[in-house]
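Visitor: Requesting a structural model of the entry that follows:
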Amino acid sequence: MAAARIDPHWRYHDLRAILLENARLRLTILPEVGAKISDFICKRSDRNLLWQNPRLAPRLPAFGGNFDDWWSGGWDEVFPTCDISTYQGETYPYLGELWSLPWAWEVEEAGPSAVRLYLTRTTIIAPARMEKWIRLGADEPVVRFRHRLSNIGTRPMDFVWGIHPCFRIEAGYRIDAPARVGVIGHTATAPFGPVGTTYPWPNPDVCTIPPATQGWCEGHYATELTDGWVALTDPKAEMGIGLVFPRDVFPVLWCWMVYGGWRGHYHAALEPWTGWPHQLDKAVAAGRHRTLAPGESLECETMAVVYSGVQSVTSIGWDGQVRG
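Guide: Residues are numbered from 1 along each chain as shown. Predicted coordinates:
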């Protein structure tokens, strides 16, 4: 009989590593490094679906540091801003606060039918507490997440929050998302136009990943979502990974697409966000941020699905069914 197991006693680069595993998937969580998901391994294909920085191993970060200089890859939480932001007299660091802080954790369910890990962290500048539950059933290619973000301060708290998984890619991989309009938020070489350019989504040249020799570094918002999901597919192997999220909480996707044009890296981060642009002061100016009143919480569920048998994706349901 298939079983799920959790083991909090591993070490990885001298950091605590918590393993969640079933017959199909294996995850490695680093609670001391912002509760980063370092590995997301599909056992059938023997692939780590997350990008790993080939030149930088995980290490204990310094709060307020430049995320890019500490980024070992994987899946991180970004709050209450992405880009450095000075807002209401405070300066929030690049990629926010959560990625560089150690999180407390507890094993809430230890199998064999399912395992569940609870993680939590308060922030230093923003008056916030983030709680996260990661659940893995015994025999399904699905990881289920629950988040609770709370304002523990005495004043309303403005923020943008993003889920930040960065995926390994190869030429020919396909990005699918139910968006209507793409908006260029960052570009190094302007292959699709300058910042602020809009275009109808999907654009085949955006949604098909080129080789690393392309030399691009692009960040685009996929806006006007009609549903809450995004998928990254390897058409040759007919397999991929998708994220499912509540569209009322995460109304926009940030697609960070690095094809050799930044530090020689090759990866794609497909990120649900609560607002945009993902610099807090600019999101507030645009009226596309979120606010929690004192004592108020925002709670939601998301999930990651590993799938096979399709070359592209037309929908992913909350039941984990992927249609191509």
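
Visitor: so how far is stretch 200-208 off the chain centroid?
Guide: 21 Å (CA atoms, centre = their mean, to the nearest Å).

Visitor: what about Ala23, neighbour count?
Guide: 16 (other CB atoms under 10 Å). To be clear about C-beta, it is placed using only N, CA and C from the backbone, and glycine gets the same treatment.

Visitor: OK, contacts around the spatially most central residue of the chain?
Guide: Among the residues of the chain, the one closest to the centroid is His164, at 2.3 Å (CA atoms, centre = their mean). Neighbouring residues of His164 by CB atoms under 8 Å, 6 or more residues apart in numbering: Trp75, Asp76, Glu77, Val78, Leu95, Trp99, Ala269, Glu271.

Visitor: Give me the nearest residue to the fifth one, chain neighbours excluded.
Guide: So that's Leu95. Spatial nearest neighbour of Leu95, excluding adjacent residues (CB to CB, 6 or more residues apart in numbering): Phe67 at 3.8 Å.

Visitor: Pull the contacting residues for that neighbour.
Guide: Contacts of Phe67 by CB under 8 Å, 6+ apart are Pro93, Tyr94, Leu95, Trp99, Ser100.

Visitor: Which residues are in contact with the fourth one?
Guide: Right, Trp99. Val33, Gly34, Lys36, Pro61, Phe67, Asp76, Glu77, Val78, His164.

Visitor: ok now stretch 254-263, how far from the chain's centre?
Guide: With CA atoms, centre = their mean, you get 15 Å for stretch 254-263.

Visitor: Stretch 13-29 now?
Guide: The answer for stretch 13-29 is 17 Å, by CA atoms, centre = their mean.

Visitor: got the buried residues for it?
Guide: 15-29 (16 or more other CB atoms under 10 Å).

Visitor: Also stretch 48-58?
Guide: Going by 16+ other CB under 10 Å, stretch 48-58 has these buried residues: Asn48, Leu49, Leu50, Trp51, Gln52, Asn53, Pro58.

Visitor: Could you single out the nearest of those to Trp10?
Guide: Comparing the buried residues of stretch 48-58 against Trp10 with CB to CB places Pro58 closest, at 12.7 Å.

Visitor: how close does the closest one get to Trp262?
Guide: To Trp262, Pro58 is 20 Å away according to CB to CB, to the nearest Å.

Visitor: now swap in Arg47 and tell me
Guide: In terms of CB to CB, Arg47 sits 23 Å off from Trp262.

Visitor: among the buried residues of stretch 48-58, which two are most distant?
Guide: Leu49 and Pro58 (17.0 Å).

Visitor: excluding its backbone neighbours, what's nearest Val313?
Guide: Val313 sits nearest to Ala231 (CB to CB, 6+ apart), 3.8 Å away.

Visitor: OK, contacts around the one you found?
Guide: Arg174, Ile175, Asp176, Ala177, Gly240, Ile241, Gly242, Leu243, Tyr307, Val313, Ile316, Val322.

Visitor: No further queries at this time; thank you.
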